[in-house]
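K.L.:
model this:
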Amino acid sequence: MGVVNVTPDSFFPASRTIATDEAVARGRSHFLFGADVVDVGGESSRPGATPVEVNEELARVLPVIRALAGHGPVSIDTQKESVARAAVAAGASVLNDVSSTLCDVAGELGVGYVAMHRQGDSSTMQDNPTYDDVVGEISDFLRGMAERARSAGVTKLWLDPGIGFGKTVEHNVALLAHVDHFVQLANEYHAGVMIGTSRKRFLGQLGRDVLDVDERLEGSLATEAWAMVQGVSMVRVHDVRETVQLRELLTRPLEAVTS
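P.N.:
Predicted coordinates for the structure are as follows:
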């Protein structure tokens with residue numbers, strides 16, 4: 001899943017494409033590089049992000065979705081029902097929902113759905129994220145979302161433990177260490193797992209030196225490789241070309257062995 005941020009304030013400055021033509025060009029290049037889905041968002045969900053009015057979010061994303069829908073599957077990254085409905089009418093085929101409140105809408109509209117765990121919201125989620133058992137609590141939440149989504153009629157479903165959304169560095173590492181557990185959980189519901197580690201802050205806090213967002217490509221690729229090997233079915237990334245190359249390096253030797 002390649003990211004197209006039609007925003008002026010997303011956490012990775014190089015991904016900001018507030019101009020429609022620039023956003024469309026980025027989305028087309030993602031498809032050309034091999035993205036399976038392009039994810040269009042008009043409101044940043046980073047910690048401390050300023051909420052966007054509905055009309056502004058619609059003005060940002062709808063022209064981009066209309067232009068990209070003919071090139072491949074498009075998802076809409078939104079928390080608002082009205083934006084989700086308009087985006088699907090414009091050609092989006094997946095709802096990527098960090099709030100996990102739109103599964104009934106996805107079921108009604110017959111589109112794919114990504115249910116993500118988040119503790120708090122953008123204004124509070126990194127203030128003091130606390131869990132007694134981060135893996136267990138998020139597993140319980142995602143199991144509940146899977147049951148709710150299936151009951152709502154969602155047929156294409158991904159579960160996302162929400163790396164970086166109301167989690168400390170230690171929480172994020174624990175979730176990655178147990179990503180195979182989330183894959184097994186999703187398999188019970190014939191769903192997939194989506195992981196989004198791309199360029200996130202915790203990657204810059206794991207080594208000897210603190211790394212800026214522009215220095216986190218290697219950490220992104222390493223965690224994405226780990227996720228793929230553990231059976232994750234989708235990774236949400238800013239760096240599509242590099243991640244597709246990574247996927248090919250991981251899958252071709254397996255294909256050679258099994259053919």
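
K.L.:
quick one: low-confidence parts of the stretch 51-200 of the chain?
P.N.:
120-125 (pLDDT under 70).

K.L.:
mind running it again at 80?
P.N.:
Along the stretch 51-200 of the chain, the model assigns pLDDT under 80 to residues 120-127.

K.L.:
how near is the closest residue to residue 92 other than its chain neighbours to residue 113?
P.N.:
Nearest non-adjacent residue to residue 92, counting by Cβ to Cβ, 6 or more residues apart in numbering: residue 76, 4.3 Å away. (Glycine included, C-beta is placed from N, CA and C.) Counting by Cβ to Cβ, to the nearest Å, the gap from residue 76 to residue 113 is 11 Å.

K.L.:
give me the common contacts of these two.
P.N.:
The contact sets of residue 76 and residue 113 overlap at 94-95 (Cβ atoms under 8 Å, 6 or more residues apart in numbering).

K.L.:
what residues does stretch 163-175 touch?
P.N.:
Contact with stretch 163-175 is made by 45, 98, 116-120, 125-126, 129, 131, 134-135, 138, 161, 176, 182, 195-197, 200-202, 205-206, as judged by Cβ under 8 Å, 6+ apart.

K.L.:
could you give me the buried positions within that stretch?
P.N.:
Across stretch 163-175, burial judged by 16 or more other Cβ atoms under 10 Å covers 163-168, 171-175.

K.L.:
give me phi/psi at residue 4?
P.N.:
phi -130, psi 110 (degrees, to the nearest 10).

K.L.:
next, count neighbours for it.
P.N.:
Counted with other Cβ atoms under 10 Å, the neighbours of residue 4 add up to 30.

K.L.:
ok, it to residue 71 distance?
P.N.:
Separation of residue 4 from residue 71 (Cβ to Cβ) stands at 12 Å.

K.L.:
give me the common contacts of the two.
P.N.:
In terms of Cβ under 8 Å, 6+ apart, residue 4 and residue 71 are both contacted by the residues 27, 38.

K.L.:
show me the contacts of stretch 163-175 that map onto helices.
P.N.:
Residues of the contacts of stretch 163-175 located in helices (DSSP state H): 134-135, 138, 176, 182.

K.L.:
for these, give me a markdown table that also has distance to residue 232 and neighbour count.
P.N.:
Formatted as a markdown table, the ones in helices among the contacts of stretch 163-175 follow (distance: Cβ to Cβ, whole Å; neighbours: other Cβ atoms under 10 Å):
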| residue | distance to residue 232 | neighbour count |
| --- | --- | --- |
| 134 | 18 | 23 |
| 135 | 15 | 17 |
| 138 | 15 | 27 |
| 176 | 10 | 18 |
| 182 | 8 | 26 |
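
K.L.:
helices along the stretch 51-200 of the chain, start to end?
P.N.:
Under the criterion DSSP state H, counting those that start in this stretch, the stretch 51-200 of the chain contains helices at 54-68, 81-90, 103-109, 134-151, 169-177, 179-188.

K.L.:
including distance to residue 250, could the ones you listed go into TSV?
P.N.:
Putting the helices of the stretch 51-200 of the chain into TSV (distance: least, Cβ to Cβ, whole Å) gives the following:
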stretch	distance to residue 250
helix 54-68	27
helix 81-90	32
helix 103-109	30
helix 134-151	24
helix 169-177	16
helix 179-188	15
